[in-house]
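Asker: Curious how this folds, go ahead:
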Amino acid sequence: MPRTTERLVKLLLLASLGACSDPGAPAPPGVSVKPTLTDLQAKIFTPKCAQGGCHNAKDAGLAYDLALDASQTSWQELVGVKAQGQTGWTLVVPGQPDQSFLLWTLQKPADIVPRMPLGGPYLTASDIDAVRQWIAKGAPAD
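Answerer: Next comes the predicted model:
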């Protein structure tokens with residue numbers, strides 16, 4: 001992707017996601033997360049992604065047109081779905097964590113898109129590993 005296009009995409013995403021999280025909010029205490037959709041939903045997606053007007057379908061400013069506030073919705077919104085505005089990326093590619101845009105946004109520094117959750121607090125290494133393991137297992141809807 002040409003550098004100018006990358007910058008434009010980054011600016012547009014920052015503008016649309018700017019109100020998603022409170023950078024001053026304290027990180028929740030470390031909780032062991034199992035690599036299942038049920039556990040990811042309860043300990044990551046709902047409390048860390050679907051809050052503050054970000055990825056919550058109930059809020060008018062749904063970021064990235066992605067709702068992560070309920071497990072059946074999260075699975076449908078993530079698995080096999082093309083990443084909006086990111087040519088060639090799929091949010092979750094079952095069995096292929098390194099080709100999954102979701103994992104990339106959780107662990108990479110912001111060069112094209114901001115690291116998620118926007119503004120932090122970011123997921124712990126063990127949280128990211130649970131997401132990786134879930135995707136590697138085929139991202140089952142359990």
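
Asker: Tell me which residues touch Lys58, please.
Answerer: Going by Cβ atoms under 8 Å, 6 or more residues apart in numbering, Lys58 touches Asp69. (Each C-beta comes from the backbone N, C-alpha and C, glycine too.)

Asker: Helix, strand, or coil at it?
Answerer: Three-state assignment for Lys58 (DSSP: H, G, I helix; E, B strand; the rest coil): coil.

Asker: Next one: it, what pLDDT does it get?
Answerer: pLDDT recorded at Lys58 is 73.

Asker: By mean pLDDT, flag the weakest helix or strand of this structure.
Answerer: helix 3-17 (a mean of 40; mean pLDDT, DSSP states H and E).

Asker: tell me how far the next helix or strand after that helix is from the chain's mean position?
Answerer: Next helix or strand after helix 3-17 toward the C-terminus (DSSP states H and E): helix 37-40. Offset of helix 37-40 from its chain centre (Cα atoms, centre = their mean, to the nearest Å): 14 Å.

Asker: Just the C-alpha atoms of helix 37-40, please, in PDB.
Answerer: This file holds the C-alpha atoms of helix 37-40, laid out as PDB (Å, rounded to 0.1, in the frame of the first residue of the first chain):
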ATOM      1  CA  LEU A  37     -15.000 -17.500  22.500                       C
ATOM      2  CA  THR A  38     -17.000 -17.600  25.700                       C
ATOM      3  CA  ASP A  39     -14.000 -16.600  27.800                       C
ATOM      4  CA  LEU A  40     -12.600 -14.100  25.300                       C
END
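
Asker: What are the contacting residues of the next helix or strand after that helix?
Answerer: Later in the chain than helix 37-40, the nearest helix or strand by DSSP H and E is helix 71-78. Residues from elsewhere that reach helix 71-78 (Cβ under 8 Å, 6+ apart): 37-38, 40-41, 45, 57, 66-68, 91-92, 102, 139, 141.

Asker: from those, which two are the most distant?
Answerer: Ala57 and Ala139 (20.1 Å; Cβ to Cβ).

Asker: out of those two, which sits in the more crowded spot?
Answerer: For Ala57 versus Ala139, neighbours defined as other Cβ atoms under 10 Å are more numerous around Ala139 (25 against 14).
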